[in-house]
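S.K.: just a sequence and a predicted model for now, questions to come.
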Amino acid sequence: MHEVAAALADGDVDRAIERGLLDTQACMGCAPACSEAVAAARDSRVAALAARERFRARERRLARRARDREQARASSADVQVSAAQTAVSAPRPAPALPAAAAAALVRAKARAAGRSDT
């Protein structure tokens, strides 16, 4: 604990971590201010490490989602291409005429045949 406190007093957080800052407990022989300073530094580092881990987890999650979206787009594009190829190769039935157009067509065919139904 004293080595950790000395490293913190020097401003060397890396050395304090190497000396056990993250798992140090309060020293009964130290002044309360010293123990509080070490505890505050420890809590600060633990919070920073947790934040870094949350950030890294978020980055992994976002990368995975982007990968999943890209795979979904690729498979969707494949399905659309195959559907378009099927639609092109399959014969399309003639669209049904509305009733008025069908009646007009029948009358025109009748006139063309030489008989008038109108």
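M.R.: On my side now, so go ahead. Numbers count the residues shown, from 1 in each chain.
S.K.: what about A99, how many residues nearby?
M.R.: 8 (other CB atoms under 10 Å). (C-beta placed from N, C-alpha, C; glycine too.)
S.K.: could you measure from it over to V106?
M.R.: Per CB to CB, to the nearest Å, A99 is found 11 Å from V106.
S.K.: so what's A41 up against?
M.R.: A41 is in contact with L8, V13, A16, L21, counting by CB atoms under 8 Å, 6 or more residues apart in numbering.
S.K.: what strand or helix carries the first one?
M.R.: Pointing back at L8 there. Secondary structure assignment for L8, by DSSP states H and E: helix 2-10.
S.K.: identify each buried residue in that helix, please.
M.R.: V4, A5, A7, L8 (16 or more other CB atoms under 10 Å).
S.K.: so the last one is in contact with E36, correct?
M.R.: I take that to be L8. No - with contact defined as CB atoms under 8 Å, L8 does not count as touching E36 (11.5 Å).
S.K.: and which of the contacts of A41 is nearest to A113?
M.R.: V13 (101.1 Å; CB to CB).
S.K.: that older thread, and the helix holding L8, what does it pack onto?
M.R.: helix 13-18, helix 32-89 (3 or more CB pairs under 8 Å, 6 or more residues apart in numbering; DSSP states H and E).
S.K.: just the angle between that helix and helix 32-89, please?
M.R.: Interaxial angle, helix 2-10 versus helix 32-89 (axes from the mean of the first three to the mean of the last three CA atoms, to 10 degrees): 80 degrees.
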